Structures are given as structure tokens and as C-alpha cells.
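Novice: need the 3D shape of this:
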Amino acid sequence: MNCHKKRLTWFCQLMLASGLTVSAGAAAPETVEIYSAGSLRGVVGDLAREAQSRWNLEVKPTFGGSGLLRERIEKGEKPDLFLSADLASPLKLEQQGRTVVPAIAIAANRMCIIARRELQLTADNLIDHLLAQGVRIRTSTPVADPSGDYAWAIFDRIERLRPGAGAQLKEKAQASMSLPLKPAAPNQNPMAGLFKSHQVDVAISYCSGAPALMRDAPNLMSLVVPAALDPHPVDGMAVLTDKPAVLRLALWLLSEQGQAAIAQQGLVPLRAAGPAAQ
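Specialist: Residues are numbered from 1 along each chain as shown. Down below sits the predicted model:
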């Protein structure tokens, strides 16, 4: 593979590090263990199908909050690949010397405000409606799940625009944080139950997950977080072993085909993500 100095990318660097060629030979059946953020479940599904059909590899996934999965790795668990809803967790593993190549951005995401349709949220009235008495807000737990960190970053941006408002919104979100997520039916979005039981009025989450939630809970609307409040979520990858099979899967995620799969799952591929994901 010819990697010209001026056009050296992480794809080339991974290729050089792994010693793979574009036409890698057939490999014996092998299992690759992946720890992944729940928001990347669809991407991992596409990756698993590709791995099975093209390379006869079995992907064994474990899903959860990125912060919690990172802590499990720090405590000694050893997956081959870690796909995170933020770049900070892979970078932390890199700083600890646990990665075989530097942490890599694989995609960007967007944050959405998902709310009961009767609230009639718009970019102009968003802050007032979130602060309104009786409006219950749900976010993920910061640190354990980057979605919660991104929601808190939105509150911090609101605080700068309207002093005192960010603290009020964090207090509202904390009041709903302990509500259990229990799907009422198999394969139902866990958040749908909270809306259907009228325990929450607003959820702040990834836009990539909004369609599934809105399918399971009627009468919801979704508003992309306005630019002034956007925390620019970035999904990252930590390659934790140097097995050729693992490096092959990492390369696929960065390839045009892998990036197309990422786009189909509602995330933003690197090419379209802009400087924030570089």
C-alpha cells in the first residue's frame, strides 16, 4: 500500500502498524470482543455482519455506558476493541498505555431535545420551556455515560447565556436520574416507558437514537440542539490488542464502506463532521 507522506491518514497508520495488506489472506475462525457504547449498537451490528461474511470472524459485543465500560477495562477486563460515545475515554486508555495505536475519532453525533409534542419546543423558546415549572427533564448520568456529559455541557452553555439557568436544569435532571429504565416490551426503547408513564416530559439524548424512541412513544417531537448550545459529540475508538483480525475491523470502520454504515445509523461520518471530530 502506497501511503504518500502528505496524505498519511490514520487508515494508513493502522495499516502499517498491523502489517496487513489490502488483500489479506483468509484467516481461521476467530472471536473479536468489542466493548461498545449503546448508541453505537447499530454500527456494531453492521460491523459484525461484515466480519462474518467477509472474514469469517465472530464479533462478541458488550454494550453499556462508555464511562462504565472504560472503568471495567481499567480494572483489568481485556476486550479487543472499545467503541466509545466520546473521545475522552479512548484517550484516557491511551494515556494509560493500554492501546496499541493512538485513540481515533470514528464519527460525530448530534444532541437532540426529545419532548412531548404539546410543549411545542423551538430553538427560540427552548430555554424558557426547559425551565418552566413542572417540566421534567431526563438525561443520562454524567461520567458513566457521555450522553450525560454532553447534556451537562449544554446546561453549562445555557448558564453562560442566562446565569442561574444551568444550575436549575441540572437540578431538574438529577431529580429524574434515578427513575428506572424498564422497557415495557422486548426491543422497546427504554426511555419510551418513562414518556408513556408520564414520568418525564423532555429527554436530552443523541439524535441518532431519536427515531427509535419516537417510534416507541407516540406524540413526541425532536429538536436538534441549537448551534450556540451544541457540545459537538465525537465517537472514538481504542484498539486494545494487535491481533490482525482486530486491526482489520478497526480499518473497516474508517473505510468508505464503514463510514457509510455509520451514516446509515444516523451518525455523522468523519468527512462531514468538520474540525470538531478531527
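Novice: just give the closest residue to the most centrally placed residue in the chain, not the sequence neighbours.
Specialist: In the chain, the centroid-proximal residue (C-alpha atoms, centre = their mean) is Ala85; its distance is 2.9 Å. Distances taken as C-beta to C-beta, 6 or more residues apart in numbering place Ala37 nearest to Ala85, at 3.8 Å, with adjacent residues excluded. All C-beta atoms are positioned from the backbone trio N, CA, C, and that covers glycine.
Novice: wait, the one you found sits on Ser140?
Specialist: No - counting by C-beta atoms under 8 Å, Ala37 stays clear of Ser140, with 10.5 Å between them.
Novice: between those two, which contacts overlap?
Specialist: Taking C-beta atoms under 8 Å, 6 or more residues apart in numbering as the contact rule, the neighbours common to Ala37 and Ser140 are 65, 146.
Novice: do a quick rundown of the strands in the stretch 1-150 of the chain.
Specialist: Taking DSSP state E, counting those that start in this stretch to define them, one finds strands in the stretch 1-150 of the chain at 30-37, 57-64, 81-84, 104-108, 111-116, 137-138.
Novice: can you say which of those strands is packed in most?
Specialist: Highest mean neighbour count of the strands of the stretch 1-150 of the chain: strand 81-84, a mean of 28 (counted as mean count of other C-beta atoms under 10 Å).
Novice: so which elements touch it?
Specialist: strand 30-37, helix 66-74, helix 88-95, strand 234-239, helix 244-254 (3 or more C-beta pairs under 8 Å, 6 or more residues apart in numbering; DSSP states H and E).
Novice: mind running it again at 10 Å?
Specialist: Applying 3 or more C-beta pairs under 10 Å, 6 or more residues apart in numbering; DSSP states H and E, we find strand 81-84 packed against strand 30-37, helix 41-55, strand 57-64, helix 66-74, helix 88-95, strand 104-108, strand 234-239, helix 244-254.
Novice: could you export it as CSV, CA atoms only?
Specialist: Extracted in CSV, the C-alpha atoms of strand 81-84 (Å, rounded to 0.1, in the frame of the first residue of the first chain):
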residue,chain,number,x,y,z
LEU,A,81,-11.7,-3.1,20.7
PHE,A,82,-13.5,-0.3,22.6
LEU,A,83,-16.0,1.9,20.7
SER,A,84,-17.0,4.9,22.8
